[in-house]
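*Asks:* Sequence first, predicted coordinates after that:
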Amino acid sequence: MSSLLSTIESPADVKKLTMPELLQLAEEIRERLIRSVAKTGGHIGPNLGVVELTLAMHFVFDTPKDSFVFDVSHQAYVHKLLTGREKRFDTIRQPGGLNGFMLRTESEHDSFGAGHAGTALSAALGMAVARDRSGGSEHIVALAGDAAFTCGISYEALNNIASQTRRMIIVLNDNAWSIDKNVGAIASYFHKIVTHPSFRYLHERATSLIERFGGKAASHVARKAEESVKGLLGPSMLFEEFGLDYYGPIDGHDLPLLIQTFQFLKTQNRPVILHAITQKGKGFQPALDKQKKFHGLGPYDPDTGETVAAGQKTYSEVFAETLVKLADGDDKVVAITAAMPNGTALDLFRPHHPTRYFDVGIAEEHAVIFAAGMATKGYRPFVAIYSTFLQRAFDPIVHDVALQNLPVAFCMDRGSLSGDDGPTHHGLFDISYLRCVPNLVHMVPKDEDELADMMQTALAHPGPSAIRYPRGTGPGTTLKAKPEALAIGRAEILQDGTDIAILGLGALLPLAWDMARRLEQQGFSVAVINPRFVKPIDRDTVEHYGRGCGLVVTFEDHVLAGGFGSAVLETLSAAEITTPVVRIGWPDEFVDHGKVEALRQKYGVTVERAMELAQPHLQALEHRRLVTHQ
C-alpha cells in the first residue's frame, strides 16, 4: 500500500481524501510518530492521542486563514506533519531542526507560539476579538487539554469569552493526564460528566442521531438530551454558566463523528466548547502502559518502548531523596509541586510522606501562596517548580512570601538549559528575577552533595530561599550521610591566587577550573572560587580578590543581564574597585533548542570565549609582572 502521508504537503491535500483514506492516514501518522520520535525523543504520548482530532480540524477548517491555538503545544506534532513539514519531521527537537512546540517563525500555520500551559483560551480570545473588530470571517479554534483547566489563566479567559466575542470554538481534549495524572476538583468534575450512566445513555442516543441525520435537527435533539440530564450533574453545566454552548462528551478518536461535529460547530454563531474524550498514547502499547513516562522522553526502542537503563542519579532525584531525609527528621517539612511530580522527582517523595505531599495542578501562583499560608502556621514548605514555570508566580513570591519573610524554599529544577525543549523551557532568568527581591537567599550548588547541604540550609533559614540546579546528572559526587547547613553568604575558596580570580557558579565551575589550568600554563597565579550564594553575595571575598587581582572572571549558566556577573560588578563598583571583569553567560536573546554542549559553543558559553575576552587584560597583567620584576 502506498504512503498517503508522503503526499500531504499542505492541509489542502487532507481535504481531498475519502474517509477510508483519512483512516489510513491516521494509522500512517501514528506509525510515523512512533518511529521518528523513537530516534529524537519528544512528546510521543500526547501526540498519539490527538491524531484524529487534528486530522478532523484540518479537514474542516482552513489554516492559515483559520487559526489553531494549541495549549502548551507539545501535542502539535500531527499538525506539523499536515502543514508542509513532513519531510523535515525527523529533525524535530534536533539542532537546526523543527521546534518541539508551535513556533510562529517556523510556519504560517503556527498562529501562536506556546510551551507553558493555560495560554490557549486567552490567546484565542484575543484573536477572535481582533477578528470581530476587523470584520473578519475566519474561525479561531483553541485545543486545550483537561489539565489546562487546572490553570487559573484558563478561567480568567473563560470569564471573558462570552462577553467579548461572538464566535469561537474550544476543544477540550480530555485524557485525564497532564504530565502526571490530573488532580483536584476539576479533574473529578470532568470524570463525573464522562462516567455518569444517565448522561452516557442519552449522549449515545444523541450521537447516533447526528450520525444518521446530521444537521441542525439532530443537534437540537442532542442538546435537549444533554439538557435533560444536567440536573443530575449539578445546578447547571460549568461551561454553560460561563456562556459557552457545551457539546459532548464525544469519542475523540471517532474520525467521522469528529468531522461531522466540527462541520456543525463551524456554523454556530456563539462561543462553543466540544468535550472530546481521547486516550493518551493511543496505538502504542508501551505508551498506554506507562503514560507518565511516555508523556515526554528521550530516544526509545520503537518496537518495545524500552529506553536506556538509568544510571547515575539526577539532580532531581538527589533533591527528592534529600527531602525525604529532611522530612524524616522534621514533621513540619512538606513538599509542593504544580503538576510536575515526575519531572521534579517528587514522585519519589510521595510514597514516604503521602500526607505531606501536595500536587496543586498547573497552578504555580496558587502553589506559592498556598506554601506561604502553610508557612504562617509553622510548616516548612519546599516548592519544587521548574525555573521557567516559576516565572509565572513572580508576584506571589514578592508579595506573599518575601514581603512577609516566610520560610518557603523554592527548589528550581532545570535552572539552566532544557536542551531539546528550547526557549520556552530554558531556565535562564531566575537569578535576575529573584536577585532583586528583598529577604530572599539564592543558592546554586556545584554538585549533588552541595545541593543537599543547601536544602539543609534552607530548612534552617528563618526566611525565604531559592536553590537552582540543572537538568540531568551532576559530577557524581557522593553525598554525606547527613547534609550540613552552610554559612549564608559565604563562598568556598577552592584555590588561592594573586593574578586572576575566577568565580564558577554551579554547573559551570568545571569551566572555571579549565580556564585556571590554561592560565597557569602561561605562568599566572589563579584563584578558583565556588560562589555558592548569588544573594547575599560574598562581598568580602569579591572585594578581596577584586583588590588583589588584576582580572576577575565569572562563569554562570544564566543570562548575563542581571545575573551573577552583574552582582559581582555591582559589588566591586560599590567598593570603588575598578578591576576589569570578564563575564561568561547567556546573551540577551532567546536561546534555541539543541544539545547543551552545541548551544554553549554557538552562544559563547565556553572557556575559549573567556580566554578571548581576557586576552587584552592578560597582556596588561604580563606587562605589570615584567615591570614588577624589573
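*Replies:* In hand now; what should we look at?

*Asks:* correct me, but residue 125 touches residue 156?
*Replies:* No: Residue 125 lies out of contact with residue 156 (Cβ atoms under 8 Å); the separation is 9.9 Å. (C-beta placed from N, C-alpha, C; glycine too.)

*Asks:* Flag every buried residue along stretch 145-160.
*Replies:* Across stretch 145-160, burial judged by 16 or more other Cβ atoms under 10 Å covers 145-154, 157-158, 160.

*Asks:* Which members of these occur in helices, if any?
*Replies:* 152-154, 157-158, 160 (DSSP state H).

*Asks:* Now the residues you listed in TSV, please, with extra columns for pLDDT and distance to residue 335.
*Replies:* Below are those laid out as TSV (pLDDT from 0 to 100; distance: Cβ to Cβ, whole Å):
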residue	pLDDT	distance to residue 335
152	88	21
153	92	24
154	91	25
157	93	30
158	93	30
160	95	35
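
*Asks:* Specify the residue ranges that define each domain of this structure.
*Replies:* 48-79+100-283, 315-468, 498-629 (automatic domain parsing).

*Asks:* so of these, which one's packed in deepest?
*Replies:* domain 315-468 (a mean of 22; mean count of other Cβ atoms under 10 Å).

*Asks:* what pLDDT, on average, does stretch 504-512 get?
*Replies:* Across stretch 504-512, pLDDT averages out at 98.

*Asks:* Find the centremost residue of the protein, please.
*Replies:* residue 425 (4.7 Å; Cα atoms, centre = their mean).

*Asks:* Secondary structure element for that residue, which one?
*Replies:* Applying DSSP states H and E as the criterion places residue 425 outside every helix and strand.

*Asks:* which ones are touching it?
*Replies:* 115, 386, 388, 414, 418 (Cβ atoms under 8 Å, 6 or more residues apart in numbering).

*Asks:* Okay, the closest residue to it other than its chain neighbours and residue 456: tell me how far apart.
*Replies:* Distance criterion Cβ to Cβ, 6 or more residues apart in numbering; nearest residue to residue 425, sequence neighbours excluded, is residue 418 at 3.8 Å. Per Cβ to Cβ, to the nearest Å, residue 418 is found 27 Å from residue 456.

*Asks:* what are the ranges of the helices in the stretch 1-150 of the chain?
*Replies:* Secondary structure of the stretch 1-150 of the chain, counting by DSSP state H, counting those that start in this stretch: helices at 11-15, 19-40, 44-48, 51-60, 77-81, 120-134.

*Asks:* same for the first one, what does it pack against?
*Replies:* Here helix 11-15 touches helix 51-60, going by 3 or more Cβ pairs under 8 Å, 6 or more residues apart in numbering; DSSP states H and E.

*Asks:* quick one: average pLDDT of the helix it packs on?
*Replies:* 96.

*Asks:* next SSE after the helix or strand of the chain with the lowest mean pLDDT?
*Replies:* Least confident element among the helices and strands of the chain, by mean pLDDT, DSSP states H and E: helix 215-233 (a mean of 45). Moving toward the C-terminus from helix 215-233, the next helix or strand (DSSP H and E) is helix 238-241.

*Asks:* next one: that next one to chain centre, how far?
*Replies:* 29 Å (Cα atoms, centre = their mean, to the nearest Å).

*Asks:* Repeat that for stretch 9-28.
*Replies:* Relative to its chain's centre, stretch 9-28 lies at 32 Å (Cα atoms, centre = their mean).

*Asks:* got the contact list for it?
*Replies:* Contacts for stretch 9-28 (Cβ under 8 Å, 6+ apart): 1, 3-5, 7-8, 51-52, 55, 58-59, 62-63, 82-84, 86, 109, 255-256, 283.

*Asks:* got the CA positions of stretch 147-158 in PDB?
*Replies:* Provided in PDB are the C-alpha atoms of stretch 147-158 (Å, rounded to 0.1, in the frame of the first residue of the first chain):
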ATOM      1  CA  ALA A 147      -5.000  19.700  32.600                       C
ATOM      2  CA  ALA A 148      -5.100  23.300  31.200                       C
ATOM      3  CA  PHE A 149      -8.300  23.800  33.100                       C
ATOM      4  CA  THR A 150      -6.500  23.400  36.400                       C
ATOM      5  CA  CYS A 151      -4.600  26.600  35.400                       C
ATOM      6  CA  GLY A 152      -6.100  29.900  36.600                       C
ATOM      7  CA  ILE A 153      -5.400  31.700  33.400                       C
ATOM      8  CA  SER A 154      -7.900  29.400  31.600                       C
ATOM      9  CA  TYR A 155     -10.600  30.600  33.900                       C
ATOM     10  CA  GLU A 156      -9.700  34.200  33.600                       C
ATOM     11  CA  ALA A 157     -10.200  33.700  29.800                       C
ATOM     12  CA  LEU A 158     -13.500  31.800  30.300                       C
END
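
*Asks:* Residue 588: which of the ones in helices among the buried residues of stretch 145-160 is nearest?
*Replies:* residue 153 (27.0 Å; Cβ to Cβ).

*Asks:* That closest one - nearest residue in space that isn't next to it in sequence?
*Replies:* Nearest to residue 153 is residue 118, by Cβ to Cβ, 6+ apart, at 3.9 Å.

*Asks:* hang on, that neighbour packs against residue 73?
*Replies:* No: at 12.0 Å, residue 118 does not count as touching residue 73 under the criterion of Cβ under 8 Å.

*Asks:* What pLDDT does the model give the closest residue to residue 67 other than its chain neighbours?
*Replies:* Of all residues not flanking residue 67 in the chain, residue 111 sits nearest, at 3.9 Å (Cβ to Cβ, 6+ apart). On pLDDT, residue 111 comes in at 93.

*Asks:* who touches residue 111 in this structure?
*Replies:* Taking Cβ under 8 Å, 6+ apart, one finds 63-64, 67-69, 102, 104, 127 in contact with residue 111.

*Asks:* The residue nearest to the centre of the chain and residue 547, how far apart?
*Replies:* 41 Å.

*Asks:* Also residue 327?
*Replies:* In terms of Cβ to Cβ, residue 327 sits 44 Å off from residue 547.

*Asks:* Pretty sure residue 562 sits against residue 435.
*Replies:* Yes: in terms of Cβ under 8 Å, residue 562 counts as a neighbour of residue 435; the distance is 6.6 Å.

*Asks:* Low-confidence ranges, this protein, go.
*Replies:* 1-2, 176-237, 308-310, 626-630 (pLDDT under 70).

*Asks:* run the last query once more with 80
*Replies:* Scanning the chain for pLDDT under 80 picks out 1-2, 176-238, 286, 290-298, 307-311, 623-630.

*Asks:* Regarding it, what is its longest strand?
*Replies:* strand 551-559 (DSSP state E).

*Asks:* about what we covered before: tell me the one of the contacts of residue 425 nearest residue 607?
*Replies:* residue 418 (22.9 Å).

*Asks:* hmm, back to that, tell me the first helix or strand C-terminal of the longest strand of the chain.
*Replies:* Counting by DSSP H and E, the next helix or strand C-terminal to strand 551-559 is helix 564-574.

*Asks:* Run the chain-centre distance for that next one.
*Replies:* Here helix 564-574 is found 31 Å from its chain centre; the criterion is Cα atoms, centre = their mean.

*Asks:* That one to strand 551-559, inter-axis angle?
*Replies:* Taking axes from the mean of the first three to the mean of the last three Cα atoms, to 10 degrees, one finds that helix 564-574 is oriented at 140 degrees with respect to strand 551-559.

*Asks:* who are the neighbours of helix 564-574, in terms of helices and strands?
*Replies:* Short answer (3+ Cβ pairs under 8 Å, 6+ apart): helix 564-574 packs on helix 430-435, strand 533-535, helix 539-548, strand 551-559, strand 581-586.

*Asks:* who's in contact with that helix?
*Replies:* Residues outside helix 564-574 that contact it (Cβ under 8 Å, 6+ apart) are 431-432, 435, 444, 503, 505, 531, 534-535, 537, 539, 542-543, 546, 552, 554, 556, 558, 560, 578-579, 581, 583-585.
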